[in-house]
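*Asks:* just need the structure, nothing else, for what follows:
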Amino acid sequence: MSVSQHAMKNTQHNYLVLGAGITGWSVVAYLLAQGHSVRVTDSRETPPNGDKIKAVLAREDICFGQLQWSWLQQADTVIVSPGIDSQRAEIQTAIAAGVEVIGDIELFARAARKPYIAITGSNGKSTVTTLVTALLASQNIAVRAGANIGEPALNLLADDNLAMYVLELSSFQLETCQSLSPCAAVVLNITADHLDRHAQFAHYQQIKLSIYQQAARKVVARPALADALAGDCSFGADVPTSGQYGISTDAAGEQWLVRGDHPIMPVHDIPLLGLTGQLNVLAALALTEPYISDMAAAVDTIKAFNGLPHRCEVVANENDIVWINDSKATNVAAAIAALQGIDRTIILLLGGVYKGGSLATMVPIIEEKVRAVIVFGEAADMFVDALQDHALVEQAAHLTEAVTLAKQQALTGEAVLLSP
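*Replies:* Numbers count the residues shown, from 1 in each chain. Modelled structure (predicted):
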């Protein structure tokens with residue numbers, strides 16, 4: 001039955017959806033399929049899915065061009081899209097008045113009847129989510145990923161053929177979800193990010209850690225989170241204890257990924273760059289351990305996994321100068337992780353919008369590995385001030401000029417890293 005055929009009013013429960021992007025449309029379609037009464041509002045005159053929404057809702061239930069805050073008090077439940085700050089005064093007033101305010105992941109958690117793995121962290125979420133999905137598929141498990149990657153989580157519920165789901169979750173999605181009950185969950189790392197929205201790092205950290213509250217299997221990162229949390233399994237770059245995941249060196253000096261003292265695969269067989277890539281693989285193995293019956297197939301999957309576009313992606317190698325696109329690195333910690341994973345002298349391209357985090361934390365790795373820094377974009381002056389005493393720093397008007405300058409400066413055997 002089509003969405004439009006379900007659009008009859010159900011006066012039992014009235015929903016208001018804030019935001020008409022890809023998530024908002026998935027919520028509208030899901031709620032209408034349940035027979036609920038739905039209204040939608042979006043600040044944009046022509047939101048991405050506006051035409052779809054106009055096709056299934058009455059005109060009086062749609063407000064585009066501004067957020068219709070007066071509708072909040074008339075709703076039983078408000079579904080906030082991730083791009084809208086749930087701490088806004090209008091939303092907090094509605095909550096104080098007794099209106100339920102949740103996100104699409106909360107709807108998913110209430111409805112899901114099949115196991116799902118939940119993944120969050122400041123960096124590496126998409127890579128680990130994709131690898132976890134591939135590992136499960138290698139065991140002949142019907143699985144798809146969604147939420148903050150790919151398609152909205154609610155869309156996954158419509159596929160009856162799936163046996164499991166894998167969710168990548170941002171802090172924006174976690175802060176409006178209380179019923180999440182994953183079969184396994186991980187916080188890959190927590191560093192200062194999105195502080196333009198989460199004013200305090202402690203608040204951001206609390207939101208991230210909420211993924212563990214009702215998780216059946218808690219996978220934690222060593223040493224940072226393992227010291228503070230009692231996890232069911234851990235992963236890290238050190239030699240692990242029994243049942244945990246880590247890295248060990250054999251008698252011949254070769255490094256291996258291991259579970260306890262059991263070798264899994266040589267580190268040099270992992271296509272992902274550097275220590276960050278190795279930790280991502282270890283996290284994925286820890287999350288999927290209960291479902292891996294064919295380790296050979298899992299190892300083959302890891303060997304074939306080259307990562308995702310724009311995430312430490314090698315895009316060219318000319319005259320033994322390696323060009324690496326890490327444009328998804330939008331915070332200080334992500335840039336540091338990218339630098340740590342490259343075993344060459346580096347020309348570093350930095351730019352974009354500053355999202356919080358101490359630039360001083362970049363200094364040691366820049367002094368160790370970076371020969372020149374080329375800065376551009378809104379935060380260029382800030383980068384110059386923070387780094388000019390520690391490396392050769394040059395300012396470009398835009399990314400195109402930054403790339404041109406990098407071509408002029410890079411030497412054979414070096415790497416050019418875009419990690420803005």
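
*Asks:* quick check: the spatially most central residue of the chain vs L417, distance?
*Replies:* Centroid-nearest residue in the chain, with Cα atoms, centre = their mean: K125, separated by 3.8 Å. K125 sits 20 Å away from L417, going by Cβ to Cβ, to the nearest Å. To be clear about C-beta, it is placed using only N, CA and C from the backbone, and glycine gets the same treatment.

*Asks:* ok, how many other residues are close to the nearest residue to the residue nearest to the centre of the chain once chain neighbours are set aside?
*Replies:* Distance criterion Cβ to Cβ, 6 or more residues apart in numbering; nearest residue to K125, sequence neighbours excluded, is E168 at 4.8 Å. Using other Cβ atoms under 10 Å, E168 has 25 other residues around it.

*Asks:* test my guess that E168 contacts E151.
*Replies:* No - using Cβ atoms under 8 Å, E168 is not in contact with E151, being 11.2 Å away.

*Asks:* point out where the stretch 201-350 of the chain drops to low pLDDT.
*Replies:* The model of the stretch 201-350 of the chain has pLDDT under 70 over residues 227-228.

*Asks:* which residues in it form strands?
*Replies:* Using DSSP state E, counting those that start in this stretch, the strands of the stretch 201-350 of the chain run over 218-221, 233-235, 245-249, 255-259, 262-266, 313-318, 321-325, 346-350.

*Asks:* for the shortest one, give me every contacting residue.
*Replies:* Put plainly, it is strand 233-235. The contact list for strand 233-235 (Cβ atoms under 8 Å, 6 or more residues apart in numbering) reads 217-222, 226, 240, 243-246, 279, 282-283, 285-286, 289.

*Asks:* wait, A112 sits on Y165?
*Replies:* Yes - using Cβ under 8 Å, A112 makes contact with Y165 at a distance of 7.0 Å.

*Asks:* those two - which one has more neighbours?
*Replies:* Each of A112 and Y165 has its neighbours counted (other Cβ under 10 Å); Y165 has more, 25 against 19.

*Asks:* which residue sits closest to the more buried one, ignoring its sequence neighbours?
*Replies:* Y116 (3.9 Å).

*Asks:* identify the residues contacting the one you found.
*Replies:* 164-167, 182-183.

*Asks:* separation between it and T133?
*Replies:* Distance of Y116 to T133, given as Cβ to Cβ: 11 Å.

*Asks:* so what sits against both of these two?
*Replies:* Jointly contacting Y116 and T133 under the rule Cβ under 8 Å, 6+ apart are V166.

*Asks:* returning to that earlier point: which strand residues bridge the residue nearest to K125?
*Replies:* The residues listed as beta-bridge partners of E168 by DSSP bridges are I119, A147.

*Asks:* can you pull the contacts of it?
*Replies:* Contacts for E168 (Cβ under 8 Å, 6+ apart) come out as 119-120, 125-126, 129, 145-149.

*Asks:* repeat that for 7 Å
*Replies:* Residues counted as contacts of E168 (Cβ atoms under 7 Å, 6 or more residues apart in numbering) are 119, 125-126, 129, 145, 147-149.

*Asks:* cool, and A396?
*Replies:* 374, 376, 402, 405.

*Asks:* just give me the neighbour total for the nearest residue in space to E313 that is not next to it in sequence.
*Replies:* Excluding the flanking residues, the one nearest E313 by Cβ to Cβ, 6+ apart is N325, at 4.7 Å. Per other Cβ under 10 Å, the neighbour tally for N325 reads 19.
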